[in-house]
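Enquirer: The following comprises the amino acid sequence and a computationally predicted model.
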Amino acid sequence: MIFSDQNGRRFEVGAQLAEGGEAIVYYVQGHGELVAKIYKKRTRERTAKLRVMVANPPSDAVDGRGHVSICWPSALLFDGQQLCSGLLMPRIDFGTSVPIFRLYNPLDRQSVTVDFNWKYLLRAA
């Protein structure tokens, strides 16, 4: 499947990475730093929300340090009929990162690293 972003750049999705109730996440061929989230159902409300999100990214405390801490939409993806089908966002390397749900429970936090303390917990929050 090939999609275009709002600037007309073309992106081809590759293998499926994950699937949830509302969307499927794919690798983006030729862009190892990105994934494409393609929604199963398109809605005007979601498109409007995504436009606002792309236009207003949050500041990332670790920006420029060589890794991603926030998977925020960076671009919208449109199909051949110019309908918003999904978004591009940074790919998280789970070889060096931990899913946020592993930090909720104190026992899980300790399995991430025994040195996990309040400082790290506040930074994650």
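Expert: Structure's in. What do you need?

Enquirer: how close does Ala48 get to Cys84?
Expert: Shown here: Ala48 relative to Cys84, a distance of 9 Å by CB to CB, to the nearest Å. Where C-beta positions appear, they are placed from N, C-alpha and C, glycine not excepted.

Enquirer: Between those two, tell me which one has more neighbours.
Expert: The neighbour comparison of Ala48 against Cys84 (other CB atoms under 10 Å) goes to Cys84, with 20 against 11.

Enquirer: So for this protein, the centremost residue is which one?
Expert: The chain has Cys71 as the residue nearest its centroid, 3.5 Å off, counting by CA atoms, centre = their mean.

Enquirer: Now do the longest helix anywhere in the chain: everything it contacts.
Expert: For the chain, the helix with the greatest residue count under DSSP state H is helix 44-55. When contacts are defined by CB atoms under 8 Å, 6 or more residues apart in numbering, helix 44-55 is touched by residues 6, 39, 72-76, 84, 87.

Enquirer: Now that helix - C-alpha only, PDB.
Expert: What follows is helix 44-55 as a C-alpha-only set of coordinates in PDB (Å, rounded to 0.1, in the frame of the first residue of the first chain):
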ATOM      1  CA  ARG A  44     -13.900  13.300  10.100                       C
ATOM      2  CA  GLU A  45     -13.500  13.700  13.800                       C
ATOM      3  CA  ARG A  46     -10.300  11.700  13.900                       C
ATOM      4  CA  THR A  47      -8.900  13.500  10.900                       C
ATOM      5  CA  ALA A  48      -9.600  16.800  12.600                       C
ATOM      6  CA  LYS A  49      -7.900  15.600  15.800                       C
ATOM      7  CA  LEU A  50      -4.900  14.300  13.900                       C
ATOM      8  CA  ARG A  51      -4.500  17.600  12.000                       C
ATOM      9  CA  VAL A  52      -4.300  19.500  15.400                       C
ATOM     10  CA  MET A  53      -1.900  17.000  16.800                       C
ATOM     11  CA  VAL A  54       0.500  17.200  13.800                       C
ATOM     12  CA  ALA A  55       0.400  21.000  14.000                       C
END
